[in-house]
Every structure is written in structure tokens, then in C-alpha cells.
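S.K.: The following comprises the amino acid sequence and a computationally predicted model.
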Amino acid sequence: MTAEAAAAVHRALESRAGTVATAESLTGGLIGAALTDIAGASAIYRGGVIAYATDLKNGLLGVPRDVLDRNGAVHPEVARAMARGARERLVATFGLAVTGVAGPEPQDGRPVGTVFAAVAAPAQVVEVAEFRFQGDRGYIRRCTVDEALRLLGKVVVKNTFG
């Protein structure tokens with residue numbers, strides 16, 4: 001499914017002359033890899049930040065330290081700030097971010113399989129989605145890529161920009 005979702009996002013962005021930047025935590029670059037597997041990706045993909053460590057979410061993406069201290073790294077506000085940071089710092093039309101718990105242990109009081117994805121769009125619009133996946137680490141990461149790409153595609157299609 002990932003290749004199909006990435007191709008759909010590519011078509012939607014290309015038809016609107018839009019671009020995307022990614023901020024990934026639990027997926028470790030898998031979303032960027034999926035987007036760059038598509039021929040012509042340089043027209044739509046600006047780049048990405050893999051901020052696996054919590055301090056990098058603050059330092060590289062601008063997630064406010066108080067948000068991280070109050071909520072931990074696995075929280076919808078963190079995903080929202082990561083998406084905004086990716087969009088702004090990598091100068092893209094859209095920013096896509098994911099943060100969550102792939103396992104094997106819970107993190108920040110969140111059970112394994114908890115994922116937050118966010119898309120920052122033009123005009124400061126940010127859409128956040130929460131997912132609960134069941135399965136092993138690899139499965140949770142693959143599901144995250146698929147659902148994050150679907151969310152991005154949905155947001156791109158409903159936004160006008162340019």
C-alpha cells in the first residue's frame with residue numbers, strides 16, 4: 001500500500017505545484033524513503049528531519065521545550081509542532097510529521113501502537129490524527145507510513161494554495 005499512497009501524494013502535489021517536507025520519529029525516515037521511491041520526487045519532496053531523540057524535536061524542529069516537558073514526545077501537540085517546524089524550516093508547502101510508540105515498551109505513558117500524525121498546510125492550518133495499531137514494531141512503523149501518507153493526500157486535495 002505504501003507505494004500506492006506515495007504515488008497518490010506525488011500526483012496531488014505535482015498537479016498543484018506543491019511540495020512537502022517530513023519530520024519523522026518512530027518511522028526513522030521511511031516516509032521520506034517512500035516519497036523518494038517515486039520517479040520525479042525532487043519536484044515535490046523538499047527533504048526531511050529524522051528527530052528520533054526528544055531533544056532534536058526541540059532543537060531541529062522547534063517543538064517548544066515546555067510542550068515536551070509537559071506531555072512527552074508522543075503527543076498530538078508535539079506532532080503538530082513537528083509538522084509546522086518541517087514546513088517552515090525546510091520551506092515546503094506542507095509539513096508531514098509522525099511521532100509515536102513502535103515498541104517494544106510504552107513511552108511517555110502511551111501504549112505501544114499509539115501514533116500521532118500531523119500535516120501543516122498553508123495559512124497555519126494543521127490537521128492531526130491519532131492511530132492505534134496492534135502488532136510488532138515493523139508492522140506499526142509500516143502502518144504509520146501508510147496512514148501518514150493518506151492523511152497528507154487528504155489534506156493536499158482539500159487545500160488550495162499558490
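M.R.: Done, it's in. Keep in mind that this is a model prediction, so the values were computed, not measured.

S.K.: from the chain's centre, how far out does stretch 56-64 sit?
M.R.: Centroid separation for stretch 56-64 versus its chain: 14 Å, with C-alpha atoms, centre = their mean, to the nearest Å.

S.K.: Enumerate every residue touching Gly32.
M.R.: Residues in contact with Gly32 (C-beta atoms under 8 Å, 6 or more residues apart in numbering) are Thr22, Glu24, Tyr45, Gly47, Gly48, Ile50. For glycine as for every other residue, the C-beta is placed from the backbone atoms N, C-alpha and C.

S.K.: quick one, what contacts the spatially most central residue of the chain?
M.R.: Closest residue to the average C-alpha location of the chain: Ala97 at 2.1 Å, with C-alpha atoms, centre = their mean. Going by C-beta under 8 Å, 6+ apart, Ala97 touches 22-25, 61, 79-80, 82-83, 85-86, 117-120.

S.K.: try 10 Å
M.R.: 21-25, 31, 48-49, 51, 57, 61, 63, 78-87, 116-120, 126, 128, 148 (C-beta atoms under 10 Å, 6 or more residues apart in numbering).

S.K.: did I read that right, it in a helix?
M.R.: No - applying DSSP: H, G, I helix; E, B strand; the rest coil, one finds Ala97 to be strand, outside a helix.

S.K.: hey, what's it bridged with?
M.R.: Legend: beta-bridge partners of Ala97 under DSSP bridges are Ala23, Ala118.

S.K.: Show the contacting residues for Ala79.
M.R.: Ala79 touches 23, 25, 57, 63, 73, 96-100, 115-120, 126, 128-130, 148, counting by C-beta under 10 Å, 6+ apart.

S.K.: And Asn71, by the same measure?
M.R.: Val63, Glu77, Val78, Asp108, Gly109, Arg110.
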